[in-house]
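[1] Let's see this in three dimensions:
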Amino acid sequence: MDPQTIAAFGQFGLAGMIAMVWYLDRKDIQRMMDTYEVHMAEIREMYKNNVRLVEGYDRICNDLHSVVVVNTQAMQRLTDAVNANQFCPMVRVVKKKEGTDTNG
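    Numbers count the residues shown, from 1 in each chain. Below you'll find the model as predicted:
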């Protein structure tokens, strides 16, 4: 605060000094509130970023679930094919001789 302002408040005696302290305190409170507002905006942005992060993680989890399901189905088909032994030529020859081959 400049000296002229202090002198102006000082002319009013004790009431002027109280008004000056109130004025300075009010400016300080306004400065703190402005700082608080900036910090709250940063915190809001962090929460928004966290929401985007969780949404992205949810999409990844859903994609991973789909991959696991498709892989499980493919492994089941592979297991069925191995258990049925349809791809080994030696087994097909034996099945033809026995008359149990249904695939030609």
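
[2] C-alpha only now, for contacts and for neighbours.
    Fine.

[3] Leu24: neighbour count?
    A count of nearby residues for Leu24, using other CA atoms under 10 Å, gives 13.

[4] host element of it?
    Using DSSP states H and E, the element containing Leu24 is helix 13-84.

[5] what mean pLDDT does that helix have?
    Helix 13-84 comes out with an average pLDDT of 89.

[6] and that helix, how far out from the chain's middle?
    Counting by CA atoms, centre = their mean, to the nearest Å, helix 13-84 is centred 6 Å from the centre of its parent chain.

[7] which helices and strands sit right next to that helix?
    helix 3-10 (3 or more CA pairs under 8 Å, 6 or more residues apart in numbering; DSSP states H and E).

[8] tell me which residues of the helix it packs on are tucked away?
    Within helix 3-10, the residues scored as buried using 16 or more other CA atoms under 10 Å are Phe9, Gly10.

[9] what does it rub up against?
    Here helix 3-10 makes contact (CA atoms under 8 Å, 6 or more residues apart in numbering) with Gly16, Met17, Ala19, Met20.

[10] Distance of the residue nearest to the first one when sequence neighbours are not counted relative to Tyr47?
    Take Gly16 and drop its neighbours on the chain: the residue closest to it by CA to CA, 6 or more residues apart in numbering is Phe9, 4.5 Å away. Plainly put, Phe9 is 46 Å away from Tyr47 if you go by CA to CA, to the nearest Å.
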